[in-house]
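In: All I have is the shape, not the residue letters:
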């Protein structure tokens, strides 16, 4: 009988100990694989909206005529995050501008690096270390003709059984001189999470 | 022999459950949270927030009050102007809350916890963050983002705070109805509870529910206004004024925005309620909004009651219960005046957190009591069994354990302010000085007012401590 007690005690202790312990494993995975760790905005959503938007922009007939003989200069204004999540919107615009640059149809100026560029030019001219003949000149940068801007908004609904998230990503291309919006598109994502009924 | 064996297994089981996955310190069973927090709050009243953090101590992630510990820590770090650390604590707390919310409908670990709670008390269950605390979490997190110059991040947080309130509103009626039903089934009537439990009515005041927080709405209104989204700001001011219709600053904000946005129908009805609105000349002026945090919210107290429980087989029997309660009436806070250039601006209440907490507790009571009935009956059965099998010693030991372990769950976010007031004024641009009269002493607030922009000041008056933080939005 005493043995039985011992076995039961040991069994129970093991059970609880096993419940707490977990092993960690490191693996490489596919960067473009579908990720569904949780319902929040994730890498798959980012890739999806970026790919859809660039495809739509590059295939649009209006942009086709704009880029027929020239490579227009664009700048990316920030993406406004109107969701209830802390999303790195710069990462989305980075993906989009990289894809557009890769297509060879557009050129970009980077507003986020103006200060760094100015600092470098100042150093070239006033630092006394750079040959003035090779120094890049002030006032020779090319002005952007088009502005890319957009919104990311979301609607979140949840009840005891499930959570539903809807994202809408709107992107627009504006001709800076005329103020006309030359192109716009939106991309939608819906995700639903159903709660499991029994779990630890 | 068999009986001996069962007893052993039971004892082993109790010990393993007590020290199972969701760990908690044994002190938590016998010493209430409210008495653990006493020294922390005393130090907080003196303005020594770093020392208070040390006194608070750290809890392991598996600890059942881990979230609560993060909330307290985040609040103290916020007061110590350590925005980054505070942001980290609150973010972690949010992750924990979300995880809890997304868990399966039937949780096996919950069952284990409840089992532990049956042999000890409610302090063994993992802490459920009430809606009003979640709202305050996001509000302070928004301020954390603001003080780190991230308006977009702050806006995300106020949107989260609004989501919390929306979800609360949806869940509210259903939850209360179900809790009352369960209590009836457990053999206890709500009437006997009401006759002996303190009503807390004076603490609850005029609050209609335990989650609608005008401060959160007002903060989000200001942030939306600062980011130029006047329509969103207007909606939040409207929600806030439904809760505090008598607040003159809110009235002015509503009238101002209704005029600006051309909401004709609204404007007519609001002018009927709050009087005519005359748009003021605002050229070269900036707006200054002061959030005034007053004192610290009370902790829950432990109260013992004798209540009858009706079981079908043994008739009505009285049992001793330990329940949490907010004792006493609301402390009255004087309005605070901010003087600038011979003009006094008086602060007006925007939220009474003490009332929200008391109302929330009142709503939780039926559920609390249902668990309590189960526990008290189970403990009584254990005592009877022990007294029959081990004799007097068993009886005495069991009685002592029952009395010592019968502690109310007094956990709640106890470093929050008791009340928050607002002041809003138009001041000429440039360096301005606000003079505050407090506890017979004069405090000086220096702000740099920008034309046509909002300057937000978070002013805390806690015990003998006063401090402020200003930012241009």
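Out: The structure has been received and is ready for your questions. Nothing here was measured: the structure is a model prediction, and the numbers come from that model. Numbers count the residues shown, from 1 in each chain, chains lettered A, B, ... in the order given.

In: Name the helix or strand for the nearest residue to residue B:203 once chain neighbours are set aside, please.
Out: Nearest-residue entry for residue B:203: residue B:358, 3.9 Å, with adjacent residues in sequence omitted and distances by Cβ to Cβ, 6 or more residues apart in numbering or on different chains. Every C-beta, even on glycine, is put in place using the N, C-alpha and C of the backbone. Assessed by DSSP states H and E, residue B:358 sits inside helix B:353-389.

In: Give me the buried stretch members for the helix or strand following that helix, please.
Out: The helix or strand immediately downstream of helix B:353-389 is helix B:392-405, counting by DSSP H and E. For helix B:392-405, burial by neighbour count (16 or more other Cβ atoms under 10 Å in any protein chain shown) applies to B:394, B:398, B:401-402, B:405.

In: can you tell me the average pLDDT over the helix holding residue B:358?
Out: Averaging pLDDT along helix B:353-389 gives 84.

In: Report the inter-axis angle for it versus helix B:392-405.
Out: Per axes from the mean of the first three to the mean of the last three Cα atoms, to 10 degrees, the angle that helix B:353-389 makes with helix B:392-405 is 170 degrees.

In: which residues of chain A fall in strands?
Out: In chain A, the strands defined using DSSP state E lie at A:73-82, A:107-109, A:146-158, A:162-175, A:181-194, A:198-199.

In: go on, the stretch 201-350 of chain B?
Out: B:285-294, B:301-311, B:315-325, B:337-340, B:343-346, B:348-352 (DSSP state E, counting those that start in this stretch).

In: residues contacting residue A:107?
Out: A:71-74, A:101 (Cβ atoms under 8 Å, 6 or more residues apart in numbering or on different chains).

In: Need these in a markdown table (columns: distance to residue A:135, pLDDT and neighbour count).
Out: Listed next are the contacts of residue A:107 as a markdown table, based on distance: Cβ to Cβ, whole Å; pLDDT from 0 to 100; neighbours: other Cβ atoms under 10 Å in any protein chain shown:
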| residue | distance to residue A:135 | pLDDT | neighbour count |
| --- | --- | --- | --- |
| A:71 | 26 | 91 | 13 |
| A:72 | 28 | 92 | 17 |
| A:73 | 23 | 93 | 16 |
| A:74 | 27 | 92 | 20 |
| A:101 | 26 | 92 | 14 |
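
In: from those residues, which is closest to chain B?
Out: Nearest to chain B among the contacts of residue A:107, counting by Cβ to the nearest Cβ, is residue A:74 at 22.4 Å.

In: tell me the contacts of the nearest residue to the closest one once chain neighbours are set aside?
Out: Using Cβ to Cβ, 6+ apart and skipping the chain neighbours, the partner closest in space to residue A:74 is residue A:146 (4.5 Å). By Cβ under 8 Å, 6+ apart, the contact list for residue A:146 reads A:72-75, A:173-176, A:182.

In: cool, and residue A:147?
Out: So residue A:147 contacts A:74-77, A:173-174, A:176 (Cβ under 8 Å, 6+ apart).
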